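*Asks:* predicted model and sequence below, questions to follow.
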Amino acid sequence: MRQIGWLLVAAVMSGAEVPRTWTEAAVKAAEVPLAKLSYSPVHISEQAYYATPVRTIYKTYPVYHPKREPAGYMEWLKQQEPQAAFDASALKTEADWVRAGELVFNSPVSFGPVFFGAAEVRNPAFYEETGMPVAKDGTIPFARWVVRKKGEVELGSMGCNTCHTRVMADGTVVPGAQGNNPADRQGAWMLRRAAKFAPPGELLKRLREFGKQFEVPGLVDDPNRRAAEMSFDELLAAGEAIPAGVTARAHTSMLLPPQIPDIIGVQERHFLDHTGLVRHRSVGDLMRYTTMVQDMIGRARYGDGPASTRVGMRYSDEQLYALGIYIYSLRPPENPNKFAGIALKGKAVFEKERCGRCHTAPLYTNNKLIPVEGFAAVVGGEVSSLKVGTDPRYALQSRKGTGYYKVPSLKGLWYRGPLEHHGSVATLEEWFDPKRVSAEHVPGGYQGPDGKARGVKGHAFGLKLSEGDRAALIAFLRTL
Ligand code: HEC
Ligand code: HEC
């Protein structure tokens with residue numbers, strides 16, 4: 001059994017109680033206020049939270065690429081009885097909790113087509129045209145087959161696995177790493193197909209409706225409101241512009257979508273999300289974060305906006321706790337880049353450039369928030385007085401807009417990407433290329449719907465290095 005995070009070892013081993021996810025005081029204390037204070041979310045009450053029905057975690061089955069599926073698999077699935085797979089009363093040891101958490105991680109919350117549906121995962125052309133990666137064993141780790149009613153095999157997705165799983169070039173699956181399923185491109189692929197059969201006005205209406213969730217109440221000149229005037233083709237192009245590793249998650253933005261963070265090692269981070277919206281002081285905060293983003297998202301009220309009447313579903317406290325423990329147990333794949341050769345020189349460059357002011361070893365983050373241009377913050381404590389100068393829009397013009405970006409950890413850079421809060425940059429070579437900041441630069445990652453050339457501004461650290469020092473620095477970063 002691998003060791004789990006220090007926050008938890010004591011708690012799990014002593015059989016300590018599962019934290020209560022939703023108390024008004026705990027929820028209030030967990031969130032960092034938005035830059036526009038009066039529009040910070042007001043969450044539902046403890047009573048309303050616990051009145052929400054708990055979702056059943058069903059037994060699920062792997063999805064295979066159509067050419068790799070065992071003979072008779074679908075027929076066999078049709079014979080299976082529905083089975084609940086999560087029983088909190090049976091969880092005794094740390095290993096039991098971790099295993100149960102893995103079930104929750106892979107358990108779907110949607111049973112219809114979202115980025116893809118049952119028809120798409122059974123269509124070989126879908127893989128070729130969207131670039132959906134397939135694991136070495138022929139499975140697609142981003143979704144699962146589920147039997148909720150005997151004889152009906154449903155494709156389930158939108159569990160944590162859909163976005164937080166990476167298939168490496170050699171086909172190994174790394175749970176928790178920055179996901180690499182090209183989700184938004186897949187969504188656009190499905191809509192282009194659907195447009196051949198449906199009246200386009202109908203789909204356009206639905207897409208604009210979808211786009212509305214990103215609008216930020218109380219924000220003047222909200223870029224997200226542009227979706228309401230975009231044509232069908234423009235909206236699909238916005239989806240197609242989003243590469244694997246970046247996604248327009250609920251309450252983020254279709255036009256300013258965030259990079260999917262690597263959640264391996266999250267137990268060492270004091271803030272969650274690029275904008276540091278949620279504090280992370282214990283597993284209880286991770287539980288609160290999870291339920292907020294998966295289930296409570298549509299239910300909070302923003303400023304004088306309307307209160308939602310939506311109910312939906314939620315995870316139980318035990319499911320959230322198990323999920324938290326599982327996430328804390330995740331470890332990176334073995335790093336093939338050894339700390340030797342030019343990487344040694346790269347460490348000296350890292351020190352000379354004083355990267356450690358923010359990316360402080362051994363976590364390679366000082367866990368601080370950096371105020372963006374245009375946000376007057378009180379510095380001190382967990383708010384840094386240093387500046388980074390990257391594109392401030394996501395920190396000011398989204399529902400997660402705290403006015404800050406947190407300092408990300410540099411661990412695991414060798415297996416993830418694209419980088420920066422929008423995933424604008426494909427590689428470390430591009431991040432440290434002085435041309436990156438010029439207006440003529442064509443970003444290698446997320447380009448944005450405004451046109452191909454766009455400077456990825458800010459974070460000028462390490463942009464003036466000699467070629468040799470740059471290569472050494474990059475070699476060092478790949479050992480972390
Ligand atoms: C549709 C894709 C998607 C799904 C599904 C999803 N996430 Fe995420 N997750 C994201 C994106 C995108 C972000 C970054 C959001 C931001 O920074 O504003 C994120 C951020 C996070 C973070 C913050 C990490 C950090 O260091 O900032 C955690 C923790 C997390 N997700 C856990 C989960 C868990 C647990 C689940 C399943 C219950 C889940 N996510 C499901 C896309 C997804
Ligand atoms: C003043 C604080 C600060 C200093 C100094 C600093 N960084 Fe950063 N770094 C940040 C912040 C904040 C981000 C995230 C910016 C964003 O996404 O908008 C970041 C992002 C990065 C990323 C992209 C990480 C990812 O996961 O997307 C890399 C790589 C990086 N920094 C390396 C370095 C190196 C190497 C140095 C020294 C040459 C350095 N940084 C100096 C604050 C700093």
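*Replies:* Looks like it came in fine. Residues are numbered from 1 along each chain as shown. Ligands and ions are numbered 1, 2, ... in the order given.
*Asks:* quick one, helices of the stretch 1-150 of the chain?
*Replies:* Assigned by DSSP state H, counting those that start in this stretch, the stretch 1-150 of the chain shows helices spanning 6-13, 24-30, 46-50, 73-78, 94-106, 118-121, 124-130.
*Asks:* select, out of the ones you listed, the one closest to Gly458.
*Replies:* For these, proximity to Gly458 was assessed by C-beta to C-beta; helix 24-30 is nearest, at 28.3 Å. C-beta: built from backbone N, CA, C; applies to glycine.
*Asks:* how about the CA coordinates for that closest one, as CSV?
*Replies:* Only the C-alpha atoms of helix 24-30 are listed here, as CSV (Å, rounded to 0.1, in the frame of the first residue of the first chain):
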residue,chain,number,x,y,z
GLU,A,24,-22.5,27.3,6.2
ALA,A,25,-19.5,28.4,8.2
ALA,A,26,-17.2,25.8,6.5
VAL,A,27,-18.4,26.7,3.0
LYS,A,28,-18.0,30.4,3.6
ALA,A,29,-14.5,30.1,5.0
ALA,A,30,-13.4,27.9,2.1
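*Asks:* please see if it touches ligand 1.
*Replies:* No - judged by C-beta under 6 Å from any ligand atom, helix 24-30 and ligand 1 are separated, with a smallest distance of 12.5 Å.
*Asks:* can you spell out which helices and strands pack onto that helix?
*Replies:* Applying 3 or more C-beta pairs under 8 Å, 6 or more residues apart in numbering; DSSP states H and E, one finds that helix 24-30 makes contact with strand 278-279, helix 283-291.
*Asks:* what's the most buried one of those?
*Replies:* Highest mean neighbour count among the helices and strands packed on helix 24-30 (mean count of other C-beta atoms under 10 Å): helix 283-291, with a mean of 24.
*Asks:* tell me the contacts of whatever residue of the stretch 1-150 of the chain ends up closest to ligand 1?
*Replies:* Residue nearest to ligand 1 within the stretch 1-150 of the chain: Phe105 (6.5 Å; C-beta to the nearest ligand atom). For Phe105, the contact set (C-beta atoms under 8 Å, 6 or more residues apart in numbering) comprises 159-161, 164, 175, 323, 326-327.
*Asks:* if we go to 10 Å?
*Replies:* Contacts of Phe105 were listed using C-beta atoms under 10 Å, 6 or more residues apart in numbering, and they are 159-161, 164-165, 175-176, 263, 322-323, 326-327, 330.
*Asks:* try Pro141
*Replies:* Counting by C-beta under 10 Å, 6+ apart, Pro141 touches 62-63, 106, 133-135, 161-162, 165-167, 173-175, 179, 181.
*Asks:* state the distance from it to Pro175.
*Replies:* Relative to Pro175, Pro141 is positioned 8 Å away (C-beta to C-beta, to the nearest Å).
*Asks:* what do those two both touch?
*Replies:* Both Pro141 and Pro175 are contacted by 106, 161, 165-166, under the criterion C-beta under 10 Å, 6+ apart.
*Asks:* hmm, back to that, to Ala471, which of the helices of the stretch 1-150 of the chain lies closest?
*Replies:* helix 124-130 (33.9 Å).
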